[in-house]
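Asks: Let me see the structure of the following:
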Amino acid sequence: MFDHCPRCGEALTPGFVRSGQRSILWTPSDKRRVSYLPMWEGEFSLPGECLWNGAKCPARHCEKCGLILIETKEEEST
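Replies: Below is the predicted model:
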């Protein structure tokens, strides 16, 4: 994952994107959507699901420009 913002070059702050629901959903649609399965076409669930405590996944935030970077696939250990 990036250590510096690809937009402005500032250092990124590590943290998490959290949800009160069981998953964090990426969708190409702007329609109101509850993030439960089944997924609609083009959607995927971000890594880090947790049914009982809400979902979280690692992310990095640029305080200068407000960009948040999220890994959509977990890194494979080599």
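Asks: pLDDT wise, what is Glu76 at?
Replies: At Glu76, the pLDDT value in this model is 58.
Asks: Please apply the same query to Glu43.
Replies: At Glu43 the predicted local confidence, pLDDT, stands at 72.
Asks: so how far is Lys64 from Gly46?
Replies: Careful, residue 46 is Leu and not Gly. If you measure Leu46 against Lys64 using C-beta to C-beta, to the nearest Å, the figure is 24 Å. C-betas here are computed from N, CA, C, even on glycine.
Asks: And the two? Which one has more around it.
Replies: Per other C-beta atoms under 10 Å, whichever of Leu46 and Lys64 has more neighbours is Leu46, with 21 against 13.
Asks: how about the nearest residue to the more buried one, chain neighbours excluded?
Replies: Ile24 (4.3 Å; C-beta to C-beta, 6 or more residues apart in numbering).
Asks: correct me, but that neighbour touches Gly54?
Replies: No. Using C-beta atoms under 8 Å as the test, Ile24 is too far from Gly54 to be in contact (9.0 Å).
Asks: residues bridging contact with those two, i.e. touching both?
Replies: Arg18 (C-beta atoms under 8 Å, 6 or more residues apart in numbering).
Asks: Look at those two and report which has more neighbours.
Replies: Between Ile24 and Gly54, counted using other C-beta under 10 Å, the more crowded position is Ile24 (22 against 14).
Asks: Please report how far that one lies from Ile68.
Replies: 12 Å.
Asks: can you give me the strands in this protein?
Replies: Listed in chain order, the strands of the chain (DSSP state E) span 13-19, 25-26, 44-45, 55-61, 68-70.
Asks: Can you check what angle separates the fourth one from strand 13-19?
Replies: In this structure, strand 55-61 runs at an angle of 150 degrees to strand 13-19, with axes from the mean of the first three to the mean of the last three C-alpha atoms, to 10 degrees as the basis.
Asks: in strand 55-61, what counts as buried?
Replies: Neighbour counts over strand 55-61 (16 or more other C-beta atoms under 10 Å) mark 55-61 as buried.
Asks: now Leu46: how far from Ser29?
Replies: Leu46 sits 16 Å away from Ser29 when distances are taken as C-beta to C-beta.
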